[in-house]
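1. My questions are about this predicted structure, shown below with the sequence.
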Amino acid sequence: MFGFTIGLDSPIEMDYRQAITPDRLQGRMNATIRSLNRGAVVVGAPLGGMLADALGVRPTLWIAVAGLGAVALWLNLSPFRTLTPVGSSS
């Protein structure tokens, strides 16, 4: 299911990033996002494994669900939803 949602989410995320980033910064933005994503995997995978070892798989998955919910709430309450693309008149 996660892989399926990545396929749905990635084009939307890329379109949004390209819309709000000035053309002259597109390469830097893409490199930064890729570095952050890979860094999160390098740190998050071992931490998730250690947490699952210490607490068990189910509690660890519930912690992940709570974290995703907190991020969704944070994004909904932030100015993220009202940002306009670079060069847009609205």
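-> Sure thing, it's come through.

2. Geometric centre of this protein: which residue is closest?
-> residue 37 (7.8 Å; Cα atoms, centre = their mean).

3. if I look at that one, how far off is residue 6?
-> 11 Å (Cβ to Cβ, to the nearest Å). In this view, the C-beta of every residue, glycine as well, is placed from N, C-alpha and C.

4. Check residue 41 too.
-> 13 Å.

5. do the same with residue 28
-> 23 Å.

6. Low-confidence stretches in the chain?
-> Applying pLDDT under 70 to the chain picks out residues 1-3, 85-90.

7. What helices and strands are in contact with the top helix by length along it?
-> Longest helix of the chain, by residue count under DSSP state H: helix 26-55. Packing partners of helix 26-55 (3 or more Cβ pairs under 8 Å, 6 or more residues apart in numbering; DSSP states H and E): helix 2-20, helix 57-77.

8. what's the spacing between that helix and its chain's center?
-> Distance, stretch centre to chain centre, for helix 26-55: 10 Å (Cα atoms, centre = their mean, to the nearest Å).

9. Only the buried residues of that helix, if you could.
-> For helix 26-55, burial by neighbour count (16 or more other Cβ atoms under 10 Å) applies to 51, 52.

10. orientation of that helix relative to helix 57-77 in degrees?
-> In terms of direction (axes from the mean of the first three to the mean of the last three Cα atoms, to 10 degrees), helix 26-55 departs from helix 57-77 by 140 degrees.
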